[in-house]
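>>> Whatever this is, show me its structure:
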Amino acid sequence: MNKTKVMMRASFLQLRIYLWIILGVVGLSILSNIIVSISMGGGGNPQVSAANLFTVILIFIGSVLPGSFFKRTINLGATRKEFYKGILVVYMLWSVFLAIINILWFELEVNFIRNYEHTFNILDVFQWSQFGIVGMLVYQFGAYMLLLSLLNLLFSGIRHILGIIIWVSLIVLIPIFTS
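Below is the predicted model:
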């Protein structure tokens, strides 16, 4: 079997429990939003898109795979170069997959769901929907890969003093630049 296919399968097996948990939490969130919306008598309560809720899996992908998956892969005989090439392919495939899901859900939202509920999507918030389907795909892919790269940097270096310095500097820089 190809090393990339093995890496994809192993990463999916590592993330399987997180996928089920997030799918359950997103389902419960949608159900509770529907109940609240029905009890309030209309769509006066804006909600986050269900596809955007599911992209929370990116946080788990970017934090779980560099941490525990790295040790397992190295112990099974892979080199660091093979691990990072494989993890880059995994990140790209997850980013493309979630971007496509969000685009398809966005089209369903605009054409059907927004007649009944007031929702907002990352594509509307950042106005990426004005660039067409290809533009939406490129912008989401770039944002998702940036997030995964940052999380990979932070969680792969957590056991080293330089990694802790990067964490602290990021924690200090966020409030400075957001104000």
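
>>> Show me what the longest helix seen in the chain is packed up against.
For the chain, the helix that runs over the most residues, judged by DSSP state H, is helix 3-40. For helix 3-40, the packing partners by 3 or more CB pairs under 8 Å, 6 or more residues apart in numbering; DSSP states H and E come out as helix 50-54, helix 57-64, helix 70-75, helix 80-111. The way it works is simple: take the backbone N, C-alpha and C, and place the C-beta from them, glycine included.

>>> Now the terminal residues of stretch 122-136, how far apart.
End-to-end distance for stretch 122-136: 10 Å, by CA to CA, to the nearest Å.

>>> following the longest helix of the chain, which helix or strand shows up next?
Downstream of helix 3-40, the next assigned helix or strand under DSSP states H and E is strand 47-48.

>>> And the spatially closest residue to Ser156 that is not a sequence neighbour, how close does it get to Leu153?
Closest residue to Ser156 apart from its sequence neighbours, by CB to CB, 6 or more residues apart in numbering: Pro66 at 4.0 Å. From Pro66 over to Leu153 the distance is 8 Å, taken as CB to CB, to the nearest Å.

>>> And for Val125?
25 Å.
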